[in-house]
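Asker: Sequence plus predicted model, see below.
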Amino acid sequence: MNSVASALPLRVSIFDYGAGNLHSLIKAIEAGGASVTVNVDPVAAVANTDALILPGVGAFAPAAERLAPGLIAMRTALLGGLPALGICLGMQLLFDASDEGPGSGLGIVPGRVTRLAAERVPQIGWNHLDEVHDPLLQAAALNVAYYANSFVCRPTSDGAPFVTAWSEHEGDRFAAAVRRGNVVGTQFHPEKSSAPGVAFVKGFLDFASSVATHNRSSV
């Protein structure tokens, strides 16, 4: 292994599609020892970076509009192995489309985003995760997470195998987390989910760092 390559800090890119305050997310990433760049250009967001973060506040339509010019480039990068973490709206952008508004998602996980079928919407607060089988979630012991959402992801039969955890709100069962290759999505906010959530973010960064080290040493 190239010792210089392994010593380089992890480069993390946040694609900013108007998601609001990114402070807590940036703080959680920097606490993991990574350097953070915020990009409004979707093509630049996946260039010269070791990992991509799709942050978690906002509406689907304006986010999809900002994504559109670089949708193919970003989808190609993610399917090509670039580690990525989509949070809340960011996870929804990993799917095909949303009832919340027009525009196309990345289509990493087959399925559609629909409104929660519940009386209390939005869902704001803590909720349990079940049927957890993602090693990052398991390692962080993340069994209860913080949510702030009105819409949830509904995978198709082709997308269902990528679901790694489920939650339920007033009887409506939905995908809490997904994973396809190096791409991870959480409907909840790990950066707001106490110590286990921060541990999960660090676990993702450690995973992304191992991928980056392997890629650099192979050059």
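Answerer: Right, received. Where do you want to start?
Asker: measure stretch 62-80 end to end?
Answerer: 26 Å (Cα to Cα, to the nearest Å).
Asker: brain fart, stretch 85-97
Answerer: Stretch 85-97 stretches 18 Å from its first residue to its last (Cα to Cα).
Asker: and that stretch, average pLDDT?
Answerer: Mean pLDDT, stretch 85-97: 98.
Asker: Could you list the paired strands of the lengthiest strand in the chain along with their orientation?
Answerer: When every strand of the chain is counted residue by residue (DSSP state E), the longest turns out to be strand 172-180. Strand 172-180 sits in its sheet next to strand 163-169 (antiparallel), strand 183-186 (antiparallel), going by DSSP bridges.
Asker: how far is the first one from where the chain is centred?
Answerer: The gap between the average C-alpha position of strand 163-169 and the chain average comes to 15 Å, counting by Cα atoms, centre = their mean, to the nearest Å.
Asker: highest average neighbour count across the strands paired with strand 172-180?
Answerer: Comparing the strands paired with strand 172-180 by mean neighbour count (mean count of other Cβ atoms under 10 Å), strand 183-186 comes out on top with a mean of 28. C-beta: built from backbone N, CA, C; applies to glycine.
Asker: Give me the residues contacting that strand.
Answerer: With Cβ atoms under 8 Å, 6 or more residues apart in numbering as the test, strand 183-186 has contacts from 78, 83-88, 90-91, 94, 108-109, 134, 136, 145, 153, 176-179, 200, 204.
Asker: Report the distance from it to the chain centre.
Answerer: Relative to the centre of its chain, strand 183-186 is centred 4 Å away, using Cα atoms, centre = their mean.
Asker: Any buried residues in stretch 27-47, and which?
Answerer: A28, I29, G32, A34, V36, N39, P42, A45, V46 (16 or more other Cβ atoms under 10 Å).
Asker: Quick one: list the elements packing against the longest helix seen in the chain.
Answerer: Using DSSP state H to define each element, the chain has its longest helix at helix 194-217. The elements that helix 194-217 packs onto, with contact taken as 3 or more Cβ pairs under 8 Å, 6 or more residues apart in numbering; DSSP states H and E, are helix 3-7, strand 11-15, helix 23-31, strand 51-54, helix 135-140, strand 144-149.
Asker: any idea which helix or strand comes after the shortest one?
Answerer: Of the helices and strands lying after strand 51-54 in sequence (DSSP states H and E), the nearest is helix 60-67.
Asker: and stretch 9-16, what's its mean pLDDT?
Answerer: 95.
Asker: which residues are in contact with it?
Answerer: With Cβ under 8 Å, 6+ apart as the criterion, stretch 9-16 contacts 22, 25-26, 29, 32-40, 42, 44-46, 48-55, 67, 74, 205, 208-209, 212.
Asker: And it, how far out from the chain middle?
Answerer: Computed by Cα atoms, centre = their mean, the chain-centroid distance of stretch 9-16 equals 13 Å.
Asker: pull the CA atoms of it into PDB?
Answerer: Extracted C-alpha coordinates of stretch 9-16, given in PDB (Å, rounded to 0.1, in the frame of the first residue of the first chain):
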ATOM      1  CA  PRO A   9      -7.400  13.000   4.300                       C
ATOM      2  CA  LEU A  10     -10.800  11.800   3.000                       C
ATOM      3  CA  ARG A  11     -12.300  14.300   0.500                       C
ATOM      4  CA  VAL A  12     -16.000  14.600   1.000                       C
ATOM      5  CA  SER A  13     -18.300  16.600  -1.300                       C
ATOM      6  CA  ILE A  14     -21.700  17.800  -0.300                       C
ATOM      7  CA  PHE A  15     -24.100  18.500  -3.200                       C
ATOM      8  CA  ASP A  16     -26.000  21.600  -2.000                       C
END
